[in-house]
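Q: missing the sequence, but the structure's below:
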């Protein structure tokens, strides 16, 4: 059984899931916004939760898009990467020829959230977005293995 998260339901569901992480959080995101007044009650809450888990000593890893063809998104994500790394969160990016377009959150390799929600103001407040909570052990394991494979070849972000 999968739970569908439409529009703002994403924030209501994902924040407590992230809070429940006991060992690790894995996030792959096309866009992650940390600054700006409009980010305060949306994406900033999500990155604050990542940072809190990193500062608690949990293993928090993020793959962001910094592909040169998406200059605005790359700049936003480099800012997010710098902010997160200052708070004990590990951040990497895929090579210049591969865009991270995924929107994935993995909590302790027991729950995954996949879908269309970027961590930006538009995605979390205005756009029509749909994501799904996956609790099937086999599927979550498959997503975690894929994330770990990408992490192994990803490069550190130079903010």
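A: Everything's here; your move. A quick note: this is a predicted structure, and the numbers were derived from the prediction, not measured.

Q: which residues does the nearest residue to residue 106 once chain neighbours are set aside form a beta bridge with?
A: Spatial nearest neighbour of residue 106, chain neighbours left out: residue 26 (3.9 Å); criterion: Cβ to Cβ, 6 or more residues apart in numbering. Any C-beta I mention is one placed from the backbone N, CA and C, and that applies to glycine too. Per DSSP bridges, the residues bridged to residue 26 are residue 61, residue 106.

Q: Around residue 26, count how many other residues there are.
A: The number of residues packed near residue 26 is 24, by other Cβ atoms under 10 Å.

Q: Against residue 46, how distant is it?
A: Residue 26 is 14 Å from residue 46, where distance means Cβ to Cβ, to the nearest Å.

Q: still on that earlier bit, pretty sure the residue nearest to residue 106 contacts residue 61?
A: Yes: assessed by Cβ atoms under 8 Å, residue 26 is found in contact with residue 61 at 5.3 Å.

Q: Mutual contacts of the two, please.
A: Each of 147, 151 lies in contact with both residue 26 and residue 61 under the rule Cβ atoms under 8 Å, 6 or more residues apart in numbering.

Q: just checking, what's the longest helix in the chain?
A: In the chain, assigned by DSSP state H, the helix with the most residues is helix 137-153.

Q: So which residues make contact with the next helix or strand after that helix?
A: Going down the chain from helix 137-153, the next helix or strand is strand 155-156, by DSSP states H and E. By Cβ under 8 Å, 6+ apart, the residues outside strand 155-156 that reach it are 91-95.

Q: Just the buried subset of these, please.
A: 91-94 (16 or more other Cβ atoms under 10 Å).

Q: got CSV for the residues you listed, with secondary structure too?
A: Conversion of the buried ones among the contacts of strand 155-156 to CSV gives the following (DSSP: H, G, I helix; E, B strand; the rest coil):
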residue, secondary structure
91, strand
92, strand
93, strand
94, coil
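
Q: ok, and for the helix or strand of the chain with the lowest mean pLDDT, which residues are buried?
A: When the helices and strands of the chain are scored by mean pLDDT, DSSP states H and E, helix 121-125 comes last with a mean of 83. Going by neighbour count (16+ other Cβ under 10 Å), the buried part of helix 121-125 is 121, 123-124.

Q: Kindly report the same for stretch 42-53.
A: Result for stretch 42-53 [16+ other Cβ under 10 Å]: buried residues 42-47, 49-53.
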